[in-house]
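Novice: Pasting a predicted model and its sequence here:
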Amino acid sequence: MSQITKIRRAFKRLSGPERVAALFLSIYLLVALLGPVSGWLILPNELGQTLQPPFAMDGVNSRTMHWLGTDHLGRDVLANLIYGARTALWVSLPAMLLATIIGLVLGSVAGFWGNQGLAISVAGGIFVFLGAMLAFYYGIYLRQIAWRQALQEGSASMLGEAVKTSFIFIIVALFSWLAVKAWRKIGPDKRISLPADQLVLKSIEIVGALPRILLVLCLTAFAQPAVLTVILLSAFTYWTGIARLVRGELLQVKQLSYIEAARVAGLAEKRILFRHALPNALPPVIVAFAFGLGNLMSLEATLSFLGIGIPVDVPSWGRLLRGIRTDFTAWWLLVFPTVLLCGTILSLQTLAQFCLRMLDPTRNK
């Protein structure tokens, strides 16, 4: 069966609202990725006549039509909506991917091995920690300016920066792995039992002690405004939900008979986890990922509205909403960004429920 046939069959299973959601997100992705590089848009920070209503001609340049009006500084609303869609995607998607990876790793370790089942090498742990610090320093911290320039230049530049950062991570991970292998041959390999479940739960409690939005606002207030900073802080606060969900699922899955049968058959614990246990815990993670993606888009808009975290020259839906404070009669500054933000979040949630129904039909019975 070809992939096109599978896509057609999946599309036929969509209900009316789910088809609308799929169409909305498809248009959103197409506009967010291709709109800024199409060449027909006005630049998002180009100034014209202020607070022009939709379908108004620019008083400065009579050949320029502002289809959705302008804000209090004369910036075109349509251009800022499209560039803001790209900003929302570039902030929320990497942050949620990073949060999901962290949550999957920590939740799997805590739920599958518990407090006594995981023994780690002391030398291996040290090398992994040093490698993580090096990867963060060379791949993220030193490349903040490059990431900001790439966000302003377009999707191709962002993809290039993502490839460069991934290459740095791979190189550091490779050297860390080689260092662990070399140490095991020339030095002692002492192993200790790690109370993984207790450590993960305590970490979740610490991060969740404060309301999420309050924690992000406090951290971004002390950091220099940068998109990369918002991505990292968002991932730092959103991994706990994924970790808690994966841990709970694996606590149930590992008690099932087929897991016991795999252990009796002599399969390695890692193989049991990745081949048999973890795949059965992933369907709820997909729903949590979609919900988290919508929440992060709301968070990005909130930070932009408050003028915290996101640089002022980066187009954002929240920046458009902030313009309503200068003139409450400029309804277009409130309606258009709100409709797009709410539509995106509702579409993500609708398709997440469809994916859950397809991956695990028993949950709806």
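Specialist: Done, it's in. Everything numeric here is computed off the predicted structure, so don't read it as measured data. Numbers count the residues shown, from 1 in each chain.
Novice: And the helix or strand encompassing Leu293, what does it pack against?
Specialist: Assessed by DSSP states H and E, Leu293 sits inside helix 282-306. Contacts defined by 3 or more CB pairs under 8 Å, 6 or more residues apart in numbering; DSSP states H and E place helix 282-306 against helix 77-108, helix 212-222, helix 227-253, helix 317-322, helix 332-359. The C-beta positions use only the backbone N, C-alpha and C, and glycine is treated the same way.
Novice: per-residue confidence averaged over that helix?
Specialist: Averaged over helix 282-306, pLDDT sits at 90.
Novice: mind listing what's buried in that helix?
Specialist: Neighbour counts over helix 282-306 (16 or more other CB atoms under 10 Å) mark 283-305 as buried.
Novice: Local confidence estimate at the closest residue to Leu98 other than its chain neighbours?
Specialist: With CB to CB, 6 or more residues apart in numbering as the measure, Ala235 is the residue that lies nearest to Leu98, at 3.9 Å, once sequence neighbours are left out. In the predicted model, Ala235 carries a pLDDT score of 90.
Novice: and the residue lying closest to Asp76 once chain neighbours are set aside, which of the three is it?
Specialist: For Asp76, ignoring the flanking residues on the chain, the nearest one in space by CB to CB, 6+ apart is Ile42 at 4.4 Å. Recorded secondary structure, Ile42: coil (DSSP: H, G, I helix; E, B strand; the rest coil).
Novice: What of the one 3 residues further on?
Specialist: Asn45 falls in the coil class when you classify it by three-state DSSP.
Novice: Could you double-check that it sits in contact with Pro311?
Specialist: No. Under the criterion of CB atoms under 8 Å, Asn45 is not in contact with Pro311, lying 11.2 Å apart.
Novice: picking that back up, as a markdown table, the helices and strands packed on helix 282-306 with distance to Ala162 and mean neighbour count would be great.
Specialist: Formatted as a markdown table, the helices and strands packed on helix 282-306 follow (distance: least, CB to CB, whole Å; neighbours: other CB atoms under 10 Å):
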| stretch | distance to Ala162 | mean neighbour count |
| --- | --- | --- |
| helix 77-108 | 8 | 23 |
| helix 212-222 | 22 | 15 |
| helix 227-253 | 11 | 22 |
| helix 317-322 | 23 | 24 |
| helix 332-359 | 22 | 18 |
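Novice: Turn those into CSV, columns for distance to Ala261.
Specialist: Formatted as CSV, the helices and strands packed on helix 282-306 follow (distance: least, CB to CB, whole Å):
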stretch, distance to Ala261
helix 77-108, 20
helix 212-222, 41
helix 227-253, 13
helix 317-322, 51
helix 332-359, 23
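Novice: Figure out which of the ones you listed is closest to Ile192.
Specialist: Closest to Ile192 of the helices and strands packed on helix 282-306 is helix 77-108 (CB to CB; 18.1 Å).
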